[in-house]
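Asks: quick one: sequence plus predicted model below, questions after.
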Amino acid sequence: MIISASTDYREAARRKLPPFLFHYIDGGAYAEHTLRRNVSDLADIALRQRVLRNMSDLTLGTELWGEKLDLPVILAPVGLTGMYARRGEVQAAKAAARKGIPFTLSTVSVCPIEEVAPAIDRPIWFQLYVLRDRGFMKNALERAQAAGVKTLVFTVDMPVPGARYRDAHSGMSGPNAEFRRILQAVTHPEWAWDVGINGKPHDLGNVSRYLGKATGLKDYIGWLGANFDPSISWKDLEWIRDFWKGPIVIKGILDPADARDAVSFGADGIVVSNHGGRQLDGVLSSVRALPPIADAVKGDLKILVDSGIRTGLDVVRMIALGADAVLIGRAFVYALAAAGEAGVANLLDLFEKEMRVAMTLTGAKSVNELTRDSLAIDSHAA
Ligand code: FNR
């Protein structure tokens, strides 16, 4: 068991949330092998300690497409964040902005773009899925543009939903799901409105705005399920390349050949990601997928990575292996569920401290100085 702030917040989130929400966050696809390896492969990578090198002027900041980040960390797009804490997207965005880092709003957020963007004084990033309903996509892009979004994250590893058996057990999906959620609302009454048993169906931000009505969890899951599109290809993204003026980041790349295709497409960045182990169980952990991708495309576009990052040390490991910055998903969501904005702010402070210790003791004064030389010899092959 790895002890970290993330594991403590995870336990607090487990106690606080109704089971269907905790397991939706915590779980992964199928037998969850990739989910576990995302974390354990990262922890196995040994850092190379260096000493007595006067590390007093250490900086953690970086820049992505002209945007300054005080830490090389971005909050990942996480659907339904406003269910884990009241107006959760706004709370998380505020904690990110205070720390000087970007917040990415999911397509399937609870709080709409128009609520989250004006709540902070730096542009939010916006994530879009490729959905059958192209009208929804166009509408979402126009609204994001109007709200001042510059960086668009395009998630491409969800042409079909992953097989998530925990969700079927917990009452998030499957037969009798609504019945199970209603039972859980009895023991977690503050979540009753989320499952629609107080007669007021929950408003699901971007989707409800588009559909022109408040949608309960059941309608939302139905809409999303009908909207995955297995026919998507690079061709489907071309109109977006023409339409969107800001940086476009392709999220869900795990193979060097796809990373090269992203360069040919004209992407400004990629996120090396297996969706936190939530899509295809059995694929490589992100940290093992990263080095060959960095060898293939480093310098041609920005390389971001996520999946399995739970500590500041993990951030250092990913950057040493070729990432320009990282996204964190569950780590911030557990903290948000447990303690709201203050929890996310505290988690980010701890990430910063852990990064400072790791960089001081590996002799890297800035993220640019973190390279494969910052790792111990035996982990180069990892
Ligand atoms: C996600 N992720 C995700 N990704 C995305 O592009 N759009 C989305 O709406 C969601 N929703 C979502 C919900 C939940 C509960 C989780 C845990 C994850 C994936 C997310 O952006 C990111 O890739 C992973 O969370 C990274 O892995 P870690 O940091 O959670 O291990």
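Replies: Okay, I see it. Nothing here was measured: the structure is a model prediction, and the numbers come from that model.
Asks: what parts of the stretch 151-300 of the chain come near the ligand?
Replies: By the rule CB under 6 Å from any ligand atom, the part of the stretch 151-300 of the chain lying against the ligand is Thr155, Lys251, Ser273, His275, Gly276, Arg278. Heads up, the C-betas are built off the backbone N, CA and C, glycines and all.
Asks: quick one: Gly266 from Trp234, how far?
Replies: 10 Å (CB to CB, to the nearest Å).
Asks: who's in contact with whichever residue of the chain sits closest to the ligand?
Replies: Going by CB to the nearest ligand atom, the ligand is nearest to Gly329 of the chain, at 2.0 Å. Gly329 sits next to Ala76, Val78, Gly276, Asp306, Ser307 when contact means CB atoms under 8 Å, 6 or more residues apart in numbering.
Asks: and the pLDDT at the fourth one?
Replies: Here, the pLDDT recorded for Asp306 equals 99.
Asks: check what pLDDT Trp193 gets.
Replies: Trp193 carries a pLDDT score of 64 in this model.
Asks: check the one 4 residues further on too.
Replies: Per-residue confidence (pLDDT) for Ile197: 56.
Asks: next one: Phe20
Replies: 93.
Asks: same question for Ser374.
Replies: 97.
Asks: can you pull the contacts of it?
Replies: With CB under 8 Å, 6+ apart, Ser374 has these contacts: Leu47, Arg48, Val316, Ala320, Thr362, Gly363, Ala364.
Asks: switch the cut-off to 10 Å
Replies: Neighbouring residues of Ser374 by CB atoms under 10 Å, 6 or more residues apart in numbering: 47-50, 316-317, 319-321, 358-359, 362-364.
Asks: drop anything exposed from those.
Replies: Leu47, Arg48, Val316, Arg317, Ile319, Ala320, Leu321, Ala358, Met359, Thr362, Gly363, Ala364 (16 or more other CB atoms under 10 Å).
Asks: with adjacent residues omitted, what lies nearest to the last one?
Replies: Read that as Ala364. Among residues not flanking Ala364 along the chain, Leu370 sits closest, at 4.6 Å (CB to CB, 6 or more residues apart in numbering).
Asks: just the second one next, same as before
Replies: In space, and not counting its chain neighbours, Arg48 is closest to Ala376: 4.6 Å by CB to CB, 6+ apart.
Asks: any idea how far Ala146 is from the one you found?
Replies: 49 Å.
Asks: go on, Leu336?
Replies: 27 Å.
Asks: next one: Leu280
Replies: Taken as CB to CB, the span from Leu280 to Ala146 is 35 Å.
Asks: quick one, which of the two is more surrounded?
Replies: A direct count of neighbours by other CB atoms under 10 Å for Leu280 and Ala146 places Leu280 higher, at 16 against 11.
Asks: what residue in the chain is the furthest from its centre?
Replies: Farthest-out residue of the chain from its mean C-alpha position, per CA atoms, centre = their mean: Leu52, at 36.6 Å.
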